[in-house]
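1. no sequence for this one, just the structure:
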């Protein structure tokens, strides 16, 4: 899990009735961050602070939220929590917490007027843990779905997943992914579709979105309602540029497990976090980051539970 990285804590805010939520990643002091964006429907806050040219050297937390652009307001709750604890960029008169945030679109699954807010995010910070945390339909994964070629009614419920990999020399690489993709989720090894667009509203069979698109099928319904959000973290000692490179390489995990990916209808984004404890080669870390991202995506759909009238993997395939 992402909390395999020492000092990182994760907390969820979950609204099952509204089918939405948020997930907060609290970072240890001195965490360096970067970001890589491949989708074309992204919603973010404080992205500029991750540029190597930006004055701010570190981040203090990351927020992933549902609620579309409305969910960006939840970052204020994370800032309030951090300020209460004296955490932030020192501007002499106070400390300003740096909290990059990204959102996904989940307004169509449940209550379109139920959105993560500052109170939910603040509560998630208060409950954040350095140990195991919920996967599946929890936090930002509460309203996540995949396979929307034929619209939300033929989609499959998805969620949030997390995985970690320990490498020689005390190096650890971990990921947390909220899978709200337009495309289908496939097993990275066998290519088998695990979750995605179904042939009909009541069907258990998957249509294979990529194959259907190659045969001329075009997306139905409201189209830009998809995003896969990932956070990859390591205890390696990286610069902002290296953290960004790690995030770039981690995108290959999305390519392995989601098809199609990086479309004009997705807001795919990967945050990279480096806590600075161990010297490491960025290429080796990036390679491992792609591995844990792919594993996290599979875990997200296998841990998800049905919600909002949509079946999950365990209803269609799992036992």
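-> Arrived safely. Owing to the predicted nature of the structure, the values given are computational and were not obtained by experimental measurement.

2. CA atoms for contacts and neighbours, from now on please.
-> Noted.

3. Can you name the residues that contact residue 255?
-> Neighbour list for residue 255: residue 261 [criterion: C-alpha atoms under 8 Å, 6 or more residues apart in numbering].

4. cutoff 10 Å now
-> Contacts for residue 255 (C-alpha atoms under 10 Å, 6 or more residues apart in numbering) come out as 185, 186, 188, 261, 262, 290, 293, 294.

5. Now tabulate the residues you listed in a markdown table and tack on secondary structure.
-> Output for those, formatted as a markdown table (DSSP: H, G, I helix; E, B strand; the rest coil):
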| residue | secondary structure |
| --- | --- |
| 185 | strand |
| 186 | strand |
| 188 | coil |
| 261 | coil |
| 262 | coil |
| 290 | helix |
| 293 | helix |
| 294 | helix |
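
6. got those residues as JSON lines, with pLDDT, neighbour count and distance to residue 142 columns?
-> Rendered in JSON lines, the data for the contacts of residue 255 read as follows (pLDDT from 0 to 100; neighbours: other C-alpha atoms under 10 Å; distance: C-alpha to C-alpha, whole Å):
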{"residue": "185", "pLDDT": "98", "neighbour count": "33", "distance to residue 142": "17"}
{"residue": "186", "pLDDT": "97", "neighbour count": "23", "distance to residue 142": "20"}
{"residue": "188", "pLDDT": "96", "neighbour count": "19", "distance to residue 142": "23"}
{"residue": "261", "pLDDT": "93", "neighbour count": "25", "distance to residue 142": "21"}
{"residue": "262", "pLDDT": "93", "neighbour count": "24", "distance to residue 142": "22"}
{"residue": "290", "pLDDT": "98", "neighbour count": "26", "distance to residue 142": "24"}
{"residue": "293", "pLDDT": "98", "neighbour count": "32", "distance to residue 142": "19"}
{"residue": "294", "pLDDT": "98", "neighbour count": "29", "distance to residue 142": "20"}
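
7. Nearest to residue 161 among those?
-> Residue 161 lies nearest to residue 293 out of the contacts of residue 255, by C-alpha to C-alpha, at 8.9 Å.

8. any idea how far residue 220 is from the closest one?
-> According to C-alpha to C-alpha, to the nearest Å, residue 293 stands 28 Å off from residue 220.

9. repeat for residue 277
-> Taking C-alpha to C-alpha as the measure, residue 277 falls 48 Å from residue 220.

10. So between those two, which is more surrounded?
-> residue 277 (16 against 11; other C-alpha atoms under 10 Å).

11. Give me the helices and strands touching the helix or strand the more buried one falls within, please.
-> Counting by DSSP states H and E, the element that carries residue 277 is strand 269-278. Applying 3 or more C-alpha pairs under 10 Å, 6 or more residues apart in numbering; DSSP states H and E, one finds that strand 269-278 contacts strand 32-37, strand 61-65, strand 101-103, strand 171-180, strand 227-236, helix 240-257, helix 282-303.

12. Now with 6 Å, please.
-> Strand 269-278 makes packing contacts with strand 32-37, strand 227-236, helix 240-257 when contacts are defined by 3 or more C-alpha pairs under 6 Å, 6 or more residues apart in numbering; DSSP states H and E.

13. Compare the ones you listed and give me the one nearest residue 306.
-> strand 227-236 (18.7 Å).

14. Quick check: which ranges of the protein have low pLDDT?
-> 221-224, 318-319 (pLDDT under 70).

15. Swap in 80 and give it another go.
-> Applying pLDDT under 80 to the chain flags the ranges 220-225, 318-319.

16. Can you tell me the centre-most residue of it?
-> The centroid of the chain falls nearest to residue 229 when counting by C-alpha atoms, centre = their mean (2.9 Å).

17. mind listing what the strand or helix carrying residue 21 pairs with, with the direction of each?
-> Residue 21 is part of strand 20-26 when elements are defined by DSSP H and E. In the sheet, strand 20-26 lines up against strand 9-15 (antiparallel), strand 61-65 (antiparallel) (DSSP bridges).

18. Residue 24 and residue 11 touch, don't they?
-> Yes - distance between residue 24 and residue 11: 5.2 Å, which falls inside the contact criterion (C-alpha atoms under 6 Å).
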